[in-house]
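>>> quick check, what structure comes out for this input:
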Amino acid sequence: MKIEQYGWNSGWQDKTTTNGTPGRVTLEHKNGYRVVTNDGEWLCSLSGKYRHQHHGIEFPCVGDWVMVEQMPGEDKGIIHHVLPRTSQFSRKVAGETSDIQLIAVNVDVVFLTMSLNDDFNIRRLERYLLAAWDSGSNPIIVLTKKDQCTDITPYLREVENVAFDVPIFAVSAHTSEGIEELQKQLTGSKTGALLGSSGVGKSSLINALSGNEQMVVQDIREDDSKGRHTTTHREMILLPAGGLMIDTPGMREFQLGDYSEGVTAGFSDVEDLALHCRFRDCAHHDEPGCCVQEALRNGKLDAGRYQSYLKLKRELAHMERKSDAAAQKAERNKWKQLTKDNRKRPVKKR
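Below you'll find the model as predicted:
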């Protein structure tokens, strides 16, 4: 086994600043990580120092390159360092918290999967595109289950209206149509990640690319075309023809993180229209010379897309307010603790 197959190159070598054995995280367990090295796969845990000095998204994730110390005589190791990431794909944790959950890192290509059935949702795809642009990865849209769709033209038209030159592939894992083209996107030991809701066929795509049953596949529910969760964890798989693929759990709800840059890229049509309004502070309601409202009236801008844009902007503003509030609370708690600690210290008598 050579870690070059997993994407190791001189660029990663130049990022190493500590001693140890380089390896890549291929699977995240509850209390550890599966790391592939030139000396085999090791079950690894974080060093006490690293765990103490880091937290949250600084902890290793599937796709990370790490420096590991092997435990004597065992196929186990201790992670001391995580190399700087080239890309980081994340989402906000569900609920009222402002915490961010990592999905995959150091990904070259994000395959945004949507099925050609009743579960097709263009608004959800907009969210995926937003996150992909902001992650530093290159998005590719994959429309699955082509063999079950009699006419893909309406779906393609909808996708093209929001994709803006993002490559689009219509594939069938059942007939293998389009699978070879997907494989070509990962040549040169590139890393891809599959993103999509349950039932879109991510596990079937992995099996088609692998040429065997790597992943368990479950049928979708016939009443609403929605799938059951098949993948329950993130895992990196080395493909026989070269390249790597990270399968992720299905995500029907995709809450945004801090994707302000992604909005600019994903909704460049709306942002460009706003730049040409008569007034710089145009709110795009009933102001004279508003190019956004004019585009809505003449049909150049889809009303549903504009409403999606506004909703996403509101979510981002809400996230920013919560993040600021969380940061202020953490700062207050830090000073409270320092004050409490100082009170506990004995006063030195002169």
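
>>> contacts, neighbours, all on C-alpha from now
Fine.

>>> all strands for the stretch 201-350 of the chain, in order.
Applying DSSP state E, counting those that start in this stretch to the stretch 201-350 of the chain gives strands spanning 235-238, 244-247.

>>> export the ones you listed to CSV and append columns for distance to Gln293, mean pLDDT and mean neighbour count.
Putting the strands of the stretch 201-350 of the chain into CSV (distance: least, CA to CA, whole Å; pLDDT from 0 to 100; neighbours: other CA atoms under 10 Å) gives the following:
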stretch, distance to Gln293, mean pLDDT, mean neighbour count
strand 235-238, 46, 91, 20
strand 244-247, 41, 90, 26
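
>>> TSV please, covering the ones you listed and showing distance to Phe169.
Compiled in TSV, the strands of the stretch 201-350 of the chain are given as follows (distance: least, CA to CA, whole Å):
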stretch	distance to Phe169
strand 235-238	21
strand 244-247	17
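
>>> which among the ones you listed is found nearest to Asn106?
Asn106 lies closest, by CA to CA, to one member of these: strand 244-247, at 10.6 Å.

>>> what is that closest one packed up against?
Contact analysis of strand 244-247 by 3 or more CA pairs under 8 Å, 6 or more residues apart in numbering; DSSP states H and E lists strand 191-195, helix 202-210, strand 235-238 as its packing neighbours.

>>> let me know which of these is the nearest to Leu182.
Closest among those, using CA to CA: helix 202-210, at 8.3 Å.

>>> the closest one relative to strand 191-195, how many degrees between them?
Per axes from the mean of the first three to the mean of the last three CA atoms, to 10 degrees, the angle that helix 202-210 makes with strand 191-195 is 150 degrees.

>>> how far does helix 202-210 sit from the chain's center?
Relative to the chain's own centre, helix 202-210 is displaced by 19 Å; criterion: CA atoms, centre = their mean, to the nearest Å.

>>> now do that helix, average pLDDT.
For helix 202-210, the mean pLDDT works out to 89.

>>> got it, and stretch 86-99?
Averaging pLDDT along stretch 86-99 gives 69.

>>> who's Gln70 bridged to?
Gly77 (DSSP bridges).

>>> list the contacts of it.
Listed by CA atoms under 8 Å, 6 or more residues apart in numbering, the contact set of Gln70 reads Thr21, Lys76, Gly77, Ile78.
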